[in-house]
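Colleague: Sequence plus the predicted model coming up.
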2 protein chains.
Amino acid sequence: MTSEGEVLRVGELEIRADDGLVVAGGHTVTLSVREFGLLVALARRPSRIVRRADLFQLVWGGPLREGDRSIDVYVHKLRVKLETALPEWRFIHTHVGFGYRLEPELSGTAPADGAG
Amino acid sequence: MTSEGEVLRVGELEIRADDGLVVAGGHTVTLSVREFGLLVALARRPSRIVRRADLFQLVWGGPLREGDRSIDVYVHKLRVKLETALPEWRFIHTHVGFGYRLEPELSGTAPADGAG
DNA sequence: GCGCCGGTTTACTGCTTCTTCACGACGGCT
DNA sequence: AGCCGTCGTGAAGAAGCAGTAAACCGGCGC
């Protein structure tokens, strides 16, 4: 009965893909269906850029229509919730013109990101 | 023998699954068959989300028919009884679109939970 | 037969979630 | 500098889902 199904881990995040449950540092994070789907889609390709069209296909289940901003809106919602749960960390990184990348990174502290 | 059968503990709740008995803080809580079944089904997956279809299968013993609201009704009944027994605590948490999760949580106190 | 009790179904209400829109910031290009 | 495409963000309306009360139904004891 303790079979846990698919469990994705990204930094302090524990994502139970089969249960619809996310735990951040021992606390349960409540996500909506879309938010959760988006997080799972990103978490399955950690540290890699996932194109917007691919995200839409995975979460919404259809082709991304021109002018559709749903992804932007839900990336924002997800960021807010993740930041509320783990203020120290940033998870979702934007790659303009390409897509989004999920990777834990300390916020506030200057990351070794091309700086230097 | 001191074998007590299956005893589930969730916070102040002590659920004697084989006896059909629930004790909350030394006080016995009287539940009907359905209420008890529901509580046991949730208590066997503590801190995890149990889907509505799974709950129905476990408690009612059949597939959840479309439009059936029995689960909602019994979750409500259960909440009322648990809250009467332990007003300080909330046990059953709703995850819209996913299911329910059993976990003791102080009412009124907002945990670090991005859920809004 | 009648009332009680638990289970089931229905109806109404309210909140959550989803979608779309609007405006502004940012960066690249001319 | 000005224009344009992309993304961030807040808000409004619509749709879906859950909370809740009450009606309805069948078994049981009086």
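Modeller: Happy to help now that I have it.
Colleague: Quick check, the residue in chain A closest to DNA strand D?
Modeller: A:Thr94 (3.6 Å; C-beta to the nearest atom of the strand). Just so you know, the C-beta spots here come from the backbone N, C-alpha and C atoms, and that holds for glycine as well.
Colleague: Bridged to that residue, which residues?
Modeller: A:Tyr100 (DSSP bridges).
Colleague: In this structure it contacts A:Arg79, no?
Modeller: No. Using C-beta atoms under 8 Å, A:Thr94 is not in contact with A:Arg79; the gap is 9.9 Å.
Colleague: The residue of chain A closest to DNA strand D and chain B: what is the separation?
Modeller: Applying C-beta to the nearest C-beta, to the nearest Å, the value for A:Thr94 to chain B is 20 Å.
Colleague: Secondary structure element for the residue nearest the centre of chain A, which one?
Modeller: In chain A, the centroid-proximal residue (C-alpha atoms, centre = their mean) is A:Leu39; its distance is 3.5 Å. Using DSSP states H and E, A:Leu39 sits in helix A:33-43.
Colleague: Just confirm yes or no for that helix near DNA strand C.
Modeller: Yes. Helix A:33-43 lies within reach of DNA strand C by C-beta under 7 Å from any atom of the strand, at A:33-35.
Colleague: anything in that helix sitting right up against chain B?
Modeller: Yes. Helix A:33-43 lies within reach of chain B by C-beta under 8 Å from any C-beta of the partner chain, at A:33, A:36.
Colleague: how much distance is there from that helix to the middle of the chain?
Modeller: The chain centre lies 6 Å from the centre of helix A:33-43; the measure is C-alpha atoms, centre = their mean, to the nearest Å.
Colleague: That one: which residues count as buried?
Modeller: Across helix A:33-43, burial judged by 16 or more other C-beta atoms under 10 Å in any protein chain shown covers A:34-43.
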